[in-house]
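Peer 1: what's the 3D shape of this:
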Amino acid sequence: MLRKTIIGAAGVVLLFGAVGCAHMPDSRTAEERVADRALERRQALIDGDFEQAYAYLSPGYRENVSLRGYRGRFGGAVSWTDAEVRDVECGAEDACTATVLLHYRVSMPRMDAREGQRPIEEQWVRSDGEWWFLPRR
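Peer 2: Residues are numbered from 1 along each chain as shown. Model (predicted):
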C-alpha cells in the first residue's frame with residue numbers, strides 16, 4: 001500500500017512538473033531560438049522531410065506558395081549532408097539573420113560526386129511570438 005502511494009505521489013509530482021514547464025516563458029534569447037529553429041528546419045531538409053521544413057516558413061509565404069510549389073524549388077543533383085548554425089544576428093526586435101554552414105554532395109551523371117560546404121544567410125522574422133523563415137524570392 002505504501003509503495004502504491006509513493007508511486008502515485010511521484011506521478012502527480014511529475015505531472016505537475018511537466019504542466020508547470022509547459023507554461024513557463026521561454027527564457028532563451030531571440031538568437032538562441034532562431035538558431036534552434038534554423039537548425040531544425042535544415043535537418044528536415046537534410047532528411048528530405050519537405051512538409052516539416054515547409055512548416056517553418058512564414059505564414060505569409062505559406063499563404064502564397066503551396067507545399068508542392070515549395071518542394072519544386074529543390075532539384076535532385078545536390079543533397080545536403082549536414083548543417084551548422086554559425087551565427088545569428090538580430091538587428092531589429094522582430095528580424096534576425098542566421099548564417100548556416102551547409103555541407104553538401106553534388107552527384108551528376110558521368111562525374112565523380114563532389115562534397116563541399118557553403119555559408120548561407122537566412123532571414124527570420126517573428127510574428128505572433130514565433131520565429132519564421134522568410135525565403136528570398
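Peer 1: Tell me where the model's unsure across the protein.
Peer 2: 1-25, 77, 137 (pLDDT under 70).
Peer 1: what about the strands in it?
Peer 2: Using DSSP state E, the strands of the chain run over residues 78-92, 95-106, 114-127, 130-133.
Peer 1: how much distance is there from the first one to the middle of the chain?
Peer 2: If I follow you right, that is strand 78-92. Here the centre of strand 78-92 is set off from its chain's centre by 10 Å, with CA atoms, centre = their mean, to the nearest Å.
Peer 1: So for that strand, what gets flagged as buried?
Peer 2: 80, 83, 85, 88, 90 (16 or more other CB atoms under 10 Å). The C-beta positions use only the backbone N, C-alpha and C, and glycine is treated the same way.
Peer 1: Give me the distance between Ala44 and Arg68.
Peer 2: Distance from Ala44 to Arg68, counting by CB to CB, to the nearest Å: 16 Å.
Peer 1: Please apply the same query to Glu130.
Peer 2: 24 Å.
Peer 1: okay, the two: which has more neighbours?
Peer 2: Glu130 (12 against 9; other CB atoms under 10 Å).
Peer 1: possible to save the buried residues of strand 78-92 as JSON lines with distance to Arg62?
Peer 2: As requested, these are exported to JSON lines (distance: CB to CB, whole Å):
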{"residue": "Trp80", "distance to Arg62": "22"}
{"residue": "Ala83", "distance to Arg62": "22"}
{"residue": "Val85", "distance to Arg62": "23"}
{"residue": "Val88", "distance to Arg62": "22"}
{"residue": "Cys90", "distance to Arg62": "23"}
